[in-house]
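Chemist: my questions are about this predicted structure, shown below with the sequence.
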Amino acid sequence: MTNPKEPSSLEPRRLACSRCGTEFGCDLSGNCWCAEETAKLPMPVKGEDCLCRECLRKAAEAAVS
């Protein structure tokens, strides 16, 4: 018997960037593209979820400036 709470596939979850709306995938196994980024930001501001690669890079650049 399978556990109904377990995802039936290992497909990345689909997200829309909180800032620009670009759709992208997030692999919850820890192999997400964002783990490859050198920029590490604090948790998103209230009401935001993950950012796309371009917005993550822009936010990191702004945080350093």
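Modeler: Sure, I can see it.

Chemist: help me confirm that Arg14 comes into contact with Glu23.
Modeler: Yes: applying Cβ atoms under 8 Å, one finds Arg14 in contact with Glu23, separated by 6.2 Å. Backbone N, C-alpha and C define where each C-beta goes, glycine included.

Chemist: joint contacts of these two?
Modeler: Shared contacts of Arg14 and Glu23 (Cβ atoms under 8 Å, 6 or more residues apart in numbering): none.

Chemist: ranges for the strands of this structure?
Modeler: 13-16, 23-26 (DSSP state E).

Chemist: save these as JSON lines, and put in distance to Lys58, mean neighbour count and mean pLDDT too.
Modeler: Below are the strands of the chain laid out as JSON lines (distance: least, Cβ to Cβ, whole Å; neighbours: other Cβ atoms under 10 Å; pLDDT from 0 to 100):
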{"stretch": "strand 13-16", "distance to Lys58": "16", "mean neighbour count": "12", "mean pLDDT": "88"}
{"stretch": "strand 23-26", "distance to Lys58": "15", "mean neighbour count": "13", "mean pLDDT": "88"}
